[in-house]
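In: model this:
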Amino acid sequence: KENFYHGILLGLLGHMGWKLKSNVEAGDGYCDIIVEAEEEEIGIIIELKYAENARFDAACREAMRQITCRHYEDILIDDGMNTVYRYGIACYKKRCKVVVE
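Out: Numbers count the residues shown, from 1 in each chain. Here you go, the predicted structure:
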C-alpha cells in the first residue's frame with residue numbers, strides 16, 4: 001500500500017534537480033527514498049508507512065524509529081552531506097501526516 005505514495009513522492013521530487021535514490025541499501029537496511037541536494041550538502045531521508053485505520057501518530061513514530069535504528073543517515077554522511085533531514089510520512093487513503101527531525 002505504500003508503493004502508491006512512494007511513486008507520487010518520487011515523481012514530485014524528480015523535478016527538483018536533486019539526486020534521488022529509491023529503496024536503496026543504507027545503514028542496516030533499505031530506505032524508501034534518499035535525496036541529495038549536493039550543492040547545498042543537504043541530505044533527506046524519507047520513510048513511508050501506511051497508517052492502518054488512520055493511526056497516523058503510530059505510523060510516523062515507527063517510520064522515525066526505523067530511520068534511527070537502521071542508521072539510514074550513514075549513506076548521506078558518507079556522500080558528504082553536512083545536514084540531514086529525516087521525514088517519517090504516514091499515509092491513509094487521501095490523507096498523510098509528516099514528522100520531520
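
In: got a list of what the spatially most central residue of the chain touches?
Out: For the chain, the residue nearest the mean C-alpha position is I46 (0.6 Å; CA atoms, centre = their mean). With contacts defined as CB atoms under 8 Å, 6 or more residues apart in numbering, the neighbours of I46 are L9, C31, D32, I33, I34, V35, Y87, I89. Using the backbone N, CA and C atoms, a C-beta is placed for each residue, glycine as well.

In: Check K49 too.
Out: Taking CB under 8 Å, 6+ apart, we find K49 in contact with E2, A59, C60, E62, A63, G88, I89, A90, C91.

In: Next, the buried residues of the helix or strand hosting the residue nearest to the centre of the chain.
Out: Assigned by DSSP states H and E, I46 falls within strand 42-50. By 16 or more other CB atoms under 10 Å, the buried positions in strand 42-50 come out as I42, G43, I44, I45, I46, E47, L48, K49.

In: just the helices in the protein please.
Out: Taking DSSP state H as the criterion, the chain contains helices spanning 2-13, 56-69, 73-78.

In: where's the dip in pLDDT among the contacts of I46?
Out: For these, the weakest pLDDT value sits at L9, with 92.

In: Neighbours of it, how many?
Out: Here the count is done by other CB atoms under 10 Å, and L9 has 21 residues near it.

In: of the contacts of I46, closest to I77?
Out: The closest of the contacts of I46 to I77 turns out to be I34 (CB to CB; 11.7 Å).

In: For the closest one, give the beta-bridge partners.
Out: K21, I45 (DSSP bridges).

In: What about it, how many residues nearby?
Out: Neighbourhood size, I34 [other CB under 10 Å]: 24.

In: List the residues that contact N82.
Out: By CB under 8 Å, 6+ apart, the contact list for N82 reads E41, I42.

In: what's it sitting at in phi/psi?
Out: When read as degrees, to the nearest 10, the backbone of N82 gives phi -90, psi -30.

In: Chain neighbours aside, what residue packs nearest to the residue at the greatest distance from the centre of the chain?
Out: Most distant from the centre of the chain: N53, at 21.5 Å, with distances by CA atoms, centre = their mean. Once flanking residues are discounted, N53 sits nearest to Y92: 7.7 Å by CB to CB, 6 or more residues apart in numbering.
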